[in-house]
Structures are given as structure tokens and as C-alpha cells.
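Enquirer: I would like to see how this sequence folds:
(chains A, B and C)
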Amino acid sequence: MELVVFSLLNGLVTGLLLFMLSSGLTLIFSMMGVLNFAHASFYMLGAYFAYTISGYMGFWVGLIFAPILVGVVGALIQRYGLRYVHRWGHVAELVFTFGLAFLIEEVVQFFWGKATKDYHEPELLDFPLFTLFGQSFPAYKAFMIFISIGIFIALLMMLTRTRVGLIIQAAITHPNTVANLGHNVPLVFMGVFGVGSALAGLAGVIAGPALGTFPGMAFVLGSIVFVVIVVGGLGSLAGAFVASLLIGWLQTFAIALDYSMTDLLDLLGVSFSDDHVLRDLWSLSLPQVAPILPYLLLILILIFRPTGLMGKRET
Amino acid sequence: MSASALSLQGIRKDFGETQIIRGVDLEIPAGERHAIIGPNGAGKSTLFHLISGKYSKTGGRIGLNGEDVTTLEPYAIARKGLSRSFQITNIFPRMTVFENVRCGLLWSMGLKYAFWKLVGRQKDLNERTSEILEMIGLTDRQAIPAGVLTYAEQRTLEIGITIAGGANVIMLDEPTAGMSASETDQTVELIRRVTEGKTLVMVEHDMGVVFDLADRISVLVYGEIIATGKPEEIRNNKAVQEAYLGEAPEEETETVGGAH
Amino acid sequence: MPALLGPFGIWIVCAIVLAVMPVIFSSPVSVTIMNQMGISIVFALSYNMMLGQGGMLSFGHAVYFGLGGFFSVHVMNYIEVDGWPIPLPFLPFIGGLFGLAFAIIIGSFSTRRAGTVFAMISLGVGELIAACSIIFVVFFGGEEGVSGDRTMGPPVFGTEFLKEIEVYYLTAVIVFVAAALMYLFSLTPAGRMANAVRDNPERAEFVGYSQRQVRFMSFCASGFFAGIAGGLFAINYEILTEENLNLTTSGWVLLMAYIGGIGFFIGPIVGAVLLTLLQTVLSNHTELWLLYVGLLFVLTVMYVPSGLTGLMMMHGPAMKAGRLGQLAKPYMIAGIPLLVALAGGVAVLEMLNHYNNAPVGDNVAHFFWMAVDTHNPANWAVALAVTAIGAYTTYRATPQVREAWAEANDFSEKGGDR
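Expert: The predicted structure follows:
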């Protein structure tokens, strides 16, 4: 029981974090047709910026200014990098963002070194929120949930209630028509890229203390975010939301539920000797396969339902 | 099945709720030059895409030389002897002109997916390619990338690729669109020459070209064929005059397809 | 186009170069580096069969390299333990067959589309196999990897491949043969149609070719040669680890091919040689080498999409017209300050890195065969000034280069002499 409650909560934290990244990525993809490989790098930049800012002015200042800074960096990269590379075609754009991810990791190591940074939650939130079945749930995780949901609502409001939001929605499906109506589509693109990067940065700011701030943090999350947006359906925000939670829970439950093939085989009354060539296969346990589950899901989705769970287009 | 080179029976195509092609029946005998005309948005290009396998059909049957090709993929239809060109120039831009034509020949010369034969060693293949280049008048441009040819040359190359494989049913989608008068005349001559003894189906807006080349003409309006007949019959057909010729005798060439 | 190289001449030259290289660079270190180059050349060429020739961008090509390598090491162990009578030179071929087998499996569903979907599937498969390598310890050997001993097979012409130089000549022969085969593949109907499908998949369908089938064939061929490269790796290093099939290796082969130039057959060779040099030589001199590689890569993607080979090939028309001389002077005028600016920039980065990361009391950074006190403002001033002056002078010289370039490539009536 406690396992289920805590896995649900932890999965929710992971899922919402993934959504903060995937929402920006999927918006950028549907508008510009570019799958931004460096999206998770902005997440990493957010954590590092916040770490440095919080060193001088505390966590809360970092929480506000680090994402803004990341957004500016993202907008500049879109304006002076991506828009330039666009002329070389689609493959070059994808390769460019890949190179960017590579470069940002090196730049982070250059400025902050290879070691994990001691970036931690503010004292204000450093207490167990409640204790259930003898296990405590940290207040900081509740704070992460709170922030993520707040962002989700704000994003939804912006997209459905504001003029800019309507332009963005239109630009997703008909960029040329929107441009012909006199809207400055390049500016909208730059803005969306900046906001998407800022969202990723914000995710980094709040994830840094919980998951660790180190140069490989983008790499760890980067591919998973791709899985999320493909599984959810490219260009679908609702799909990204569902897929984020799905992947979040998939991972936490797989780690929490310690069942293995041996258990299954025991149930069936089958057993193998310990020196069998395929012994690794027979002793496979759920926590062990947890890391590959998202990719398995990705490949299955791409083969059997290329539009994703809720997407309309296949790209 | 009849002995028609191309036989359409009740062909329909819906895009969502919209019916674009609403039951087309057409028999084109072998060796005929057949033109399909009609106002913008009548569905001419869509019909081409349906015949050549680019779009799936909502209903109906298509026969090619007596064989049912309704559900085949484009490459399978091409292998059965139907070759088409496109309204928008559709070539291999980064390959040379020579290679473009050769690509059109590879399958029909039996080379298929071979990875143990060198194309440079296939004497027949390269001779045939040179012949086609000679025929379409691009011999002295053969070594440059197709992407840098002039527009008219690219259109000519497009025809070259289309006829290269020796298909007996040739479909040309607005072969003279966007050409000057003299270029158009040359292209008409080229088409006449390269489709000698073959079945030609073409969509064309230039009525001069249509009445010059076609043995028979079909008029497509709102996804239906309202008349089929010899050029003079079509010219004198009341319904056609009302629906099409009457409204704009010399319509300007346009690039927007009928598939909208 | 690669076809402009003469029919056999260039291959003979290559064979001779491969034969005499270890005579010129005979130190054990350089032989090791050259072996590494050979492996990278085959790997990068196989990658470009997909990206450059077939228009498929893969982020998981290390899978075929790594699996080919792992199977090769296991076979090596069977040779040692069970006495399988397989001579060592056949091992890369076995690696290739396993690369091919996995390419057939994965290609059967991933080649349906090119573009983003293909890239995503390749990434997913790459991550999947990399994650599997941690789980299946029996096959992948966990963190230590799997090691073997290449000298246990039946001797070939009396050699047991104990010496590095023997391995070099084995590698060289296989690299030569593999490169030749990959080149020849590009001249077959399957290879030509790969280019056609890359350029225009729709048109290729209407001349009778299934785009999926064409891609699948390139993909399989590419997996086969990647497996050969993996087998060569197994022979050279006698150990394979998880690192050999993860995303980092997949990314590295993309870097090699792209920086070298994906539009040319020799592009990946240029890239493989250059990046292997950076990896082995530059990494000894600076810990920032990956930063420099990253900068080089991003700048290449942005400004020289045809790669270093493309940069060289751009000079073809001017060279044919005998006008390369016209470019020499402006290139010098802009090139020398550019080098100065780069040197200054590198100095600033190195000093900054040392200042940030060196232990307290260690004030002296070593680079460019100099020792520089990073706590002395004067040194910073010098480095920054050198960078700024170099950059400004380069900037001033660019119009001259542009003008000279335009003139050298002007083949109209008045400009040309042809």
C-alpha cells in the first residue's frame, strides 16, 4: 500500500517534470518542424544558472531569474543559430541541435567543472511534509508538484485565452497563412523557442536539488523527453501531458515493484540452473529493465502507431 | 477486362467529407493520345495521383493493359508499364542529368536492386541513356547536376525520365506549364516523337497543345467526366462550352493543382 | 562527386600510402593511432552510406559497430578456448555478418520513413541496446566489458599478430578492401537508387523502386560495414565495453562524417583522420579538447555544411582554370590574422579554465609550449589583445578574400579566359 502511494507521488513528480520539458519541446517541434536535441541542455543550464545565482542571492531569486536567463539564451540561439542553419535543410537543423547539446555540455564543464554541484533545496522547504506508513514525503517534492501544475495551468490559459496563444495555435498548423495575415511569424518562433527553453530551464531549477546538478544531467533526461513527445504524439500538448505521467509512473513503479522473471517462472513451476547461458534473461527483474522500458515503448509506438497516443500527424 | 491500355471504372476519391472524384469511367485504347481538360479544381491532378497509385482510391477499379492495378503501390504500377510526370518539376536535383535519365531506366533494364553489378559496366544501359538524352536534346548538359538546369530544361528532363523506362502508358501532368510559346512548340514536338506508338494520357491547360496532340479529349468538371470525344466533338459540345470553354477560352496557365 | 577521382590511380596511391605510413611514422604510439584511424574510417564510411548516400540521419549507428565488436570478441574467445579454426583476418568479416544481421532486424521496421521518424527510431534502438548492455552481463560483461586474446588463432603466413605492426597491416588491408567495396556499392543500381531516394523518394517510386526497399538495402550494407569496423576494433583493443555501443559513440561517428563532409565519398575519411588525431593527440595537450571539437562541429554545421572536403572541393573550378594562385595572397592576408585570433582565443580559454579549476597556489597554466601565470593581469591583457587584434584584422581582410574568390570563379566572358 505504502509502495503504491509513494510510487504514485514520485511518479507524479517525475511525470510533471518531464511535462515541463516535453511541453516546450513539442510546441517548438510543431511550429518549426525541428526536434530540438538540445532541449534537455537548457534544462541543465537552468540548474547551473540557479546554482550560481542562489550562491549569491538565495534559492528564490534563482527560481525566478535562472529560467529567464535560459529563455534569453534559447531565443538568441534560435535567432542566430537555428534560423541560419534552416537554409541548409532539415537534416542540418537536427544535426545542429545535436551539436549544440554536445557543446553546451562541454561549456558547462568548462565553467562549472565535472563534479556534482552542491545545489540544494531552500531551508524553508527542507522538512518532511507528512509521514505515511513510517515513510516521509519531503515538502520539496510537494513544491515541485505545485510549481509544475501551476505552469501547466498558466500555459493552458496562455494558449487558449490570449491573442498570442491563438496565433501560436494557428501557426502550429498553418505557419504560412498566419504569416500572410501579417503576423510576424519569425518573432513568434523566436518567442516560443525562448519560452520553451525557459520552461526547460525552470524544470532544471527545481529538479537540480532533487536529482543532482552535474554535467550529465541533460544526457540522462534528454532521450526520455524525446520518448515522451513521440509517445504522446508529436505536436500534441495533451498527448505530451499524458505520456509524461505515463513514463513517470512506468519508471517509478518498475523500480518499486521488485518482481523478476524467476518469480514468474516459479509460478509456472519452471526453473533453470544458475550457469545457464541465458541466466541473465531468466533472472531479469523489473527494476533492472526499468531503464529500457521507455525506449521499448518508443519503438513499439513508432512501429504500430506512428502518430503517437494523441497526435494527428506522422512526421 | 477489356483490351484498353487504361480502364477506369467508377473511380471515386473522398478527402474527409469532400468528394473530389465522383465516379469516373474512362476507357483509353492502346496507342491513343488522350487529353484530360477541365477548370481549376476539377480534380485532374487528383485523378492522375489515383491512377498512378500515389493516392488510395475510395472506390472503383483501375485496369492497366487488362490487369487490375487498383490497390498496387506506385512502384508496382510503374513496373507494370505506367510512367508519369509531375505538374511541379520532380527530378533528382543533386544527381547529374545523365544519372536522372539512367534512374528512369534501371528497373526496366532488369537491374532492380542489384548490388553486385556496376552501373558503369552496363553497356546497354548507358547507351540507352545516351539515346534518350539525344532524343530530348540534353546531351550537352548531361554532366551537370539536374538542379541547375533552366526551368524548361528541367521540364524536358522530367519527360525524359518518364519515357526512359519504355512504359507503354505515359501520363504527363501539364508538360508545358510555365513555358514560353517557342518552348511549348518544341515540347509538343518532343511529346509527339517520344510517345510514338504508345498510349499517352495528359492533363493540359494550353488548348492549342490539347487540340494539336490529342486523339480524344475528356472534360472533367467537379470530379466527373461530362464529355469524352474527338477534339471537334468536344469543341462543339454544348455542355462543355458552358462548363468550361465558354467561361475562359484562353485560360492562363496556373500551378495550383486540382487536389485542393 | 567521387567519380572525378581517376579509375584506379587513386586506389593505387592509397594502397602505397597505407603501406609506407608505418615506415614514416614508426613509433608504437603512431602505429596505434593509425590503427584507430583505420577503424574510424571504416566506421565513418559505413555511417555515410546512410546519411550522405541514403539521406538517413542515425543517432544509433554504434549499435552495429558495438554488436559486431562484441560478437567478434566472443568468437575470439571461442578460438582461444574451444580451438575454433578461424584465422584472425576473418574475424572482422564475422563482426560484419552480425552487424548485418542486426541491421536486417532493425532496418525491417525503421526504414519505412526517412527524416525525423528514422532518426527517432535509431535513437530509441541505440538507447535500448545501450541499456541492455548493462543488464545482460553474460554477453556484454557488465562494466568491465568482454576481453579476448587475438594471438590464439591459427597463424596466418607465420604471423600470430603479437606485434602492433602486424595488426597495422591486417587493419590496413581490411580498411582498403572495405573502403573499396563501399565505394563500389555506391556505383551499383542499389547504390545509385539510394542517392535517388535521398534526393526525391516520390520520384524514385514512380520509376519502379520502393523507397523503403532501397533504404533497407543501404541500411543493411551500412550495418555490415559498421560490424566490420567493430571486428577491427576487437582485434586492435582485444576488449569491448558498453561505451562502444552507446550514444556517445553514435554521436562521434556523426561528428566524423559531418565535419569531413557527407556529400563526398572521401569526406568521412577526412573526418575520421582529423577527429582521431584530435582525440589522440590534442587530448594529450589540453583537457578542453572536447570543447574545441564541439565548437568545430557547430561551426561546421552552421557555416560549412559540405564539410572540410566540401571546402576543398569548392576550389575545383578555380584550380582547373589555373587561378588558384590568385587566391593565395588574400588567403594569407586573412588567414594569418585568423590563426593569431584563434591562438589568442585558445589562450584565453585555457587561462580561464586553469584559473577556475586549478588548486590554490598553482598559478601557472601550460599551453602552446609556454608557462603562463594566470593570476597576472598583464598576461590576460596580452591574450585578450592578441585575440582582438587578430579578429579585427581578419574582419578587415574578408572583403579582399571575397573579391578574389568572386574573380577566381567568374567564368563569364569578361572574367574568364576559357
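
Enquirer: In the chain, what residue spans correspond to strands?
Expert: This is for chain A. A:128-132, A:135-138 (DSSP state E).

Enquirer: wrong one, I was asking about chain B
Expert: Counting by DSSP E, chain B has strands at residues B:6-15, B:18-28, B:33-37, B:59-64, B:67-68, B:82-84, B:169-173, B:199-203, B:216-221, B:224-229.

Enquirer: near chain A at all, stretch B:132-147?
Expert: No. Counting by CB under 8 Å from any CB of the partner chain, chain A is not contacted by stretch B:132-147; separation bottoms out at 13.0 Å. (Glycine included, C-beta is placed from N, CA and C.)

Enquirer: mind checking the end-to-end distance for that stretch?
Expert: Using CA to CA, to the nearest Å, the end-to-end distance of stretch B:132-147 comes to 19 Å.

Enquirer: buried sites along it?
Expert: B:Ile132, B:Leu133, B:Met135, B:Ile136, B:Leu138, B:Arg141, B:Gln142, B:Pro145, B:Ala146 (16 or more other CB atoms under 10 Å in any protein chain shown).

Enquirer: ok, back up a step: nearest approach to C:Ser58 belongs to which of the strands of chain A?
Expert: Closest of the strands of chain A to C:Ser58 is strand A:135-138, at 41.3 Å (criterion: CB to CB).

Enquirer: CSV please, covering the strands of chain A and showing distance to C:Ser110, mean neighbour count and mean pLDDT.
Expert: Formatted as CSV, these follow (distance: least, CB to CB, whole Å; neighbours: other CB atoms under 10 Å in any protein chain shown; pLDDT from 0 to 100):
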stretch, distance to C:Ser110, mean neighbour count, mean pLDDT
strand A:128-132, 45, 11, 75
strand A:135-138, 42, 14, 78
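
Enquirer: For A:Trp60, find the nearest of those strands.
Expert: When these are compared by CB to CB, strand A:135-138 sits nearest A:Trp60, at 17.8 Å.

Enquirer: Send me that closest one as PDB with only the CA atoms.
Expert: In PDB, the C-alpha atoms belonging to strand A:135-138 read as follows (Å, rounded to 0.1, in the frame of the first residue of the first chain):
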ATOM      1  CA  GLN A 135       8.000   6.800   5.300                       C
ATOM      2  CA  SER A 136       8.200  10.500   5.000                       C
ATOM      3  CA  PHE A 137       7.400  12.600   1.900                       C
ATOM      4  CA  PRO A 138       9.600  15.700   1.600                       C
END
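
Enquirer: before we move on, back to that, how about the strands of chain B in JSON lines, adding mean neighbour count and mean pLDDT?
Expert: Output for these, formatted as JSON lines (neighbours: other CB atoms under 10 Å in any protein chain shown; pLDDT from 0 to 100):
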{"stretch": "strand B:6-15", "mean neighbour count": "19", "mean pLDDT": "92"}
{"stretch": "strand B:18-28", "mean neighbour count": "19", "mean pLDDT": "92"}
{"stretch": "strand B:33-37", "mean neighbour count": "24", "mean pLDDT": "94"}
{"stretch": "strand B:59-64", "mean neighbour count": "19", "mean pLDDT": "93"}
{"stretch": "strand B:67-68", "mean neighbour count": "12", "mean pLDDT": "92"}
{"stretch": "strand B:82-84", "mean neighbour count": "26", "mean pLDDT": "93"}
{"stretch": "strand B:169-173", "mean neighbour count": "24", "mean pLDDT": "93"}
{"stretch": "strand B:199-203", "mean neighbour count": "25", "mean pLDDT": "94"}
{"stretch": "strand B:216-221", "mean neighbour count": "22", "mean pLDDT": "92"}
{"stretch": "strand B:224-229", "mean neighbour count": "18", "mean pLDDT": "91"}
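
Enquirer: got these as a markdown table, with distance to chain A columns?
Expert: Listed next are the strands of chain B as a markdown table, based on distance: least, CB to the nearest CB, whole Å:
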| stretch | distance to chain A |
| --- | --- |
| strand B:6-15 | 15 |
| strand B:18-28 | 18 |
| strand B:33-37 | 29 |
| strand B:59-64 | 25 |
| strand B:67-68 | 29 |
| strand B:82-84 | 25 |
| strand B:169-173 | 23 |
| strand B:199-203 | 26 |
| strand B:216-221 | 28 |
| strand B:224-229 | 30 |
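
Enquirer: Alright, I will stop here.
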